[in-house]
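K.L.:
here is a sequence together with a model predicted from it:
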Amino acid sequence: MRYVRRIALILSISVPALAQEAVLPIPANVKAEGVPPIPLQLVDAVSRYGEFRSADLLDWHPTERRMLVSTAFGNVPQIHEVRGPGAARTQLTFYRDGVSGGAWFAPSGKYFVFRKDTSGGGEAQQLFRFDPASGAATLLTDGKSRNGAPAFATRKGLIAYESTRRDGRNRDIFVMNPENPASDRMLAQLEGTWEVLDWSPDDRELLVLESVSSSSETYLWRMDSTTGARTAVTTRGGRHVLWTDARFSHDGRSIYALGDRESEQQRLWRYETAANRWEPVTSEDDVIEAFSESPDGRRIAVVVDRDAMSHLQILDGNGKRVRVSPKLPAGVISRVAWHPRGDLLAFVYAGARTFNDVYTLDPSKGGVERWTTSEMGGANQDSLPDAEPIKWNSFDGLSISGILYRPPAHFTGPRPVIINIHGGPELRERPRALGRSNYFRNEMGIAIIYPNVRGSVGFGRAFEERDDGRKRADVVKDIGALLDWIATQPTLDRNRVMLTGASYGGYLSLLAAVEYGDRIRCVFEGFGMSDLVTFLESTEESRRADRNTEYGDPADPEMRQFLKSISPLTHAARLKVPLFVAQGGRDTRVPILQSEAMVQAVRQNNTPLWYVVYSDAGHLQFTRATNDFNTYAWVMFVQQFLLN
């Protein structure tokens, strides 16, 4: 292939000793096309930036002051137990491919149930019972279907969960006693996407969420835990509401829920069951990201999103007064959970200079304790410039924001730029620790921009819907406007810009590379869609209805034609910049045919093309070894096509 020979020639000229250098063996589960040999010298330089860890809260023990967390001391995440602030993390699971789901203690504390993908990346999450006394794990579900997170009953020793077991598409509700897997039974046969959120305190009812669109339209229901009969908590008609979480109150008389009812932004609401009445708990001015009511109902913990940062507050039981608001460094809080005794609140915190770690707050004293301390790896975080919020106006005047990470000050002159576009589309970038990407900043002097294009969450309902259906083509113009903004910045190099992104971010990177190929140097995309029509028709069956609502239904001839018109594959002949494509061989969300079709089409352009398939990876799934290989190849690609 001509482009492979040209890459080899360029490397032989610029790095004459490469052929004699020791190189990294390609892992057995990796198929690499067009990627030059990776020198071990580069591996040694980059590898320390991958030596970081994070910890996520899974669940409190119901009676003792200890918790389950997820972290990785090897190649993949496993479940660990932590018995106090700063205590050792004791590993409980030892799966070769790790544990990708959560874990939940039974009310007795005798065992816990965890969720794990057994399909090798196909996201067929199964439920297992883990018995700490023996260390044995017992499969509870069928081993093939997609199963949701279980909710534990308060008294009966039962779990309720949703599953695609019946037809692979619809998610029905099941109930089981985990100590007797044979007790598993379907409680309610349903159509569409459903999720079990909670049991009532008396175990008579479930609280379930029906999702018509995960980004704009959901409904809450109470379900009889014996018969499966449903009672609507929210009603259809009028403006759609996005409810994202809900729980029964401690006494079962109310339901707390997060939603954008009567507002552009999400806040906390309380539904009085007897009166059939909703009332707001928090102000319309406060965007609430997470909540947790204390076991006695006297306090409510809420996470307030303000200026791209999280603020933890403890409110009184009616939400009218802030009782505690600990001072934390600027960062993001992703979860809050009261200990069942109600004396401690656990939460996960991350900032621009720290990865996820688990902390607790004692509301009576206002003190915060750190339970896990994860290694940072790579550069000294304190020596790097802090994350910098930026804004620019798009083609239609819409204000778009992003996060800029500059290299250290000793790099002078206009700096090359990597634009890294998030997926979702319903995700959002906020200041965070970068890990491996800090190599680009600290060693290569590259600035990195993470944009929040239209459709990102956290900026109000109207902003989230600015990319729906036929408005999808406007999103790529937000990237064009960012290129305009970069051109006005004396510290950034408009002539050395790279696009990258994964999943939906990969799709946008490809489309922007088509539209703005004369203004960028190269593009690296992973797990991205190249043809929206075939993507919607081939993505995992239980996700299709939700994705059709977001993108448009390809069964409609006019919409099908529109989706084809905004698919990168349709315009592949115009993509003339160097391209690096990464793909998971077992990806069911964005099947490998999406990448194969794009690679085959771009080959005709005689432009440099690197293509890597991780044969055992699902969607955005890497082991430590494959993540390292991916990073090394990415660094080489940047050296060759962005910097040189």
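P.N.:
Cool, the structure landed. Residues are numbered from 1 along each chain as shown.
K.L.:
shouldn't Y49 be within a helix?
P.N.:
Yes - using DSSP: H, G, I helix; E, B strand; the rest coil, the secondary structure at Y49 is a helix.
K.L.:
my read is that it contacts G377, right?
P.N.:
Yes - taking CB atoms under 8 Å as the contact criterion, Y49 and G377 are neighbours in contact, 5.9 Å apart. (C-beta placed from N, C-alpha, C; glycine too.)
K.L.:
higher neighbour count, the two?
P.N.:
Ranked by neighbour count (other CB atoms under 10 Å), Y49 and G377 place Y49 first, with 24 against 18.
K.L.:
excluding its backbone neighbours, what's nearest that one?
P.N.:
Here the nearest residue to Y49 in space, its sequence neighbours aside, is G378; by CB to CB, 6 or more residues apart in numbering that works out to 3.5 Å.
K.L.:
surely the one you found meets S437?
P.N.:
No - using CB under 8 Å, G378 is not in contact with S437, being 9.5 Å away.
K.L.:
higher neighbour count, the two?
P.N.:
A side-by-side neighbour count of G378 and S437, using other CB under 10 Å, places G378 first with 24 against 20.
K.L.:
next up, the contacts around the more buried one.
P.N.:
Contact analysis of G378 by CB atoms under 8 Å, 6 or more residues apart in numbering lists 48-52, 435-436, 438-439, 442.
K.L.:
same check, this time on F248
P.N.:
By CB under 8 Å, 6+ apart, the contact list for F248 reads 198-201, 205, 207, 254-256.
K.L.:
re earlier: any chance of the contacts of G378 in a markdown table with pLDDT and distance to P85 as columns?
P.N.:
As requested, the contacts of G378 are arranged in a markdown table below (pLDDT from 0 to 100; distance: CB to CB, whole Å):
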| residue | pLDDT | distance to P85 |
| --- | --- | --- |
| R48 | 89 | 28 |
| Y49 | 89 | 28 |
| G50 | 84 | 27 |
| E51 | 83 | 24 |
| F52 | 84 | 21 |
| G435 | 84 | 25 |
| R436 | 89 | 29 |
| N438 | 91 | 28 |
| Y439 | 93 | 32 |
| N442 | 92 | 31 |
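K.L.:
closest to F637 among the residues you listed?
P.N.:
Using CB to CB, Y439 comes nearest to F637 of these, at 13.0 Å.
K.L.:
and for that closest one, nearest residue in space, chain neighbours not counted?
P.N.:
Once its chain neighbours are removed from consideration, Y439 has its nearest residue in Y49; the separation is 4.5 Å (CB to CB, 6+ apart).
K.L.:
kindly provide the distance from that neighbour to A22.
P.N.:
The gap separating Y49 from A22 is 20 Å, by CB to CB, to the nearest Å.
K.L.:
show the backbone phi and psi for Y450.
P.N.:
The phi and psi torsions at Y450 (degrees, to the nearest 10) take the values phi -110, psi 100.
K.L.:
give me the three-state assignment for the closest residue to it other than its chain neighbours.
P.N.:
The shortest distance from Y450 to any non-neighbouring residue, by CB to CB, 6+ apart, is to E429 (3.9 Å). Using three-state DSSP, the structure places E429 in coil.
K.L.:
and V196, what are its bridge partners?
P.N.:
Using DSSP bridges, the beta-bridge partners of V196 come out as V208.
K.L.:
low-confidence ranges in the stretch 301-450 of the chain?
P.N.:
379 (pLDDT under 70).
K.L.:
quick check, central residue of the protein?
P.N.:
Within the chain, one residue has its C-alpha closest to the average C-alpha position: by CA atoms, centre = their mean, that is L427, at 7.2 Å.
K.L.:
buried ones in stretch 87-99?
P.N.:
Along stretch 87-99, the positions that meet the burial threshold by neighbour count (16 or more other CB atoms under 10 Å) are 89, 92-93, 95, 97-99.
K.L.:
inside strands: which ones of the residues you listed?
P.N.:
Restricting the buried residues of stretch 87-99 to those inside strands, with DSSP state E as the criterion, leaves R89.
K.L.:
of all the buried residues of stretch 87-99, which two lie farthest apart?
P.N.:
With distances taken as CB to CB, the most widely separated pair in those is R89 and D97, at 19.6 Å.
K.L.:
other residues contacting the helix or strand L187 falls within?
P.N.:
With secondary structure defined by DSSP states H and E, L187 is part of strand 180-188. By CB under 8 Å, 6+ apart, the surrounding residues in contact with strand 180-188 are 129, 138-141, 160, 166, 172-177, 206, 223, 225, 228, 230.
K.L.:
put the alpha carbons of that strand into CSV.
P.N.:
C-alpha atoms of strand 180-188 as CSV (Å, rounded to 0.1, in the frame of the first residue of the first chain):
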residue,chain,number,x,y,z
ASN,A,180,-32.2,-18.9,45.6
PRO,A,181,-31.7,-18.0,41.9
ALA,A,182,-34.4,-20.4,41.0
SER,A,183,-36.9,-18.0,42.5
ASP,A,184,-36.3,-15.6,39.6
ARG,A,185,-39.6,-14.5,38.0
MET,A,186,-40.9,-11.9,35.6
LEU,A,187,-42.9,-9.3,37.5
ALA,A,188,-44.0,-7.2,34.5
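K.L.:
lowest-confidence helix or strand of this structure?
P.N.:
helix 2-14 (a mean of 39; mean pLDDT, DSSP states H and E).
K.L.:
whichever helix or strand comes after it pairs with which strands, and in what direction?
P.N.:
Taking DSSP H and E as the definition, the helix or strand that follows helix 2-14 towards the C-terminus is strand 30-33. Strand 30-33 pairs in its sheet with strand 609-614 (antiparallel), by DSSP bridges.
K.L.:
quick one: mean pLDDT for the partner strand?
P.N.:
pLDDT averaged over strand 609-614 equals 96, rounded to a whole number.
K.L.:
please compute how far that strand lies from its chain's middle.
P.N.:
How far strand 609-614 lies from its chain's middle: 23 Å, per CA atoms, centre = their mean, to the nearest Å.
K.L.:
got it, and stretch 415-426?
P.N.:
14 Å.
K.L.:
what residues does the helix or strand containing E369 touch?
P.N.:
Secondary structure from DSSP H and E places E369 in strand 367-370. Applying CB under 8 Å, 6+ apart, the contact partners of strand 367-370 are 85-86, 326, 328, 357-362.
K.L.:
repeat that for 10 Å
P.N.:
Residues outside strand 367-370 that contact it (CB atoms under 10 Å, 6 or more residues apart in numbering) are 84-86, 312, 326-328, 344-347, 349, 354, 357-362.
K.L.:
for stretch 276-285, output the C-alpha coordinates as CSV.
P.N.:
These are the backbone C-alpha positions of stretch 276-285, laid out as CSV (Å, rounded to 0.1, in the frame of the first residue of the first chain):
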residue,chain,number,x,y,z
ASN,A,276,-50.9,13.6,44.1
ARG,A,277,-48.9,16.9,44.1
TRP,A,278,-45.4,17.9,43.0
GLU,A,279,-43.5,20.7,44.8
PRO,A,280,-39.9,21.9,44.3
VAL,A,281,-37.4,21.2,47.0
THR,A,282,-34.5,23.3,45.6
SER,A,283,-34.5,26.7,43.9
GLU,A,284,-34.8,27.1,40.1
ASP,A,285,-31.5,28.9,40.2
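K.L.:
so which residues make contact with it?
P.N.:
Applying CB under 10 Å, 6+ apart, the set of residues contacting stretch 276-285 from outside is 233-234, 254-259, 261-272, 288, 291, 300, 302, 304, 306, 313, 315, 317-320.
K.L.:
now do the same for the closest residue in space to P178 that isn't next to it in sequence: its pLDDT.
P.N.:
Computed as CB to CB, 6+ apart, the closest residue to P178 that is not its neighbour in sequence is R129, at 4.6 Å. Reading off the per-residue confidence, R129 sits at a pLDDT of 98.
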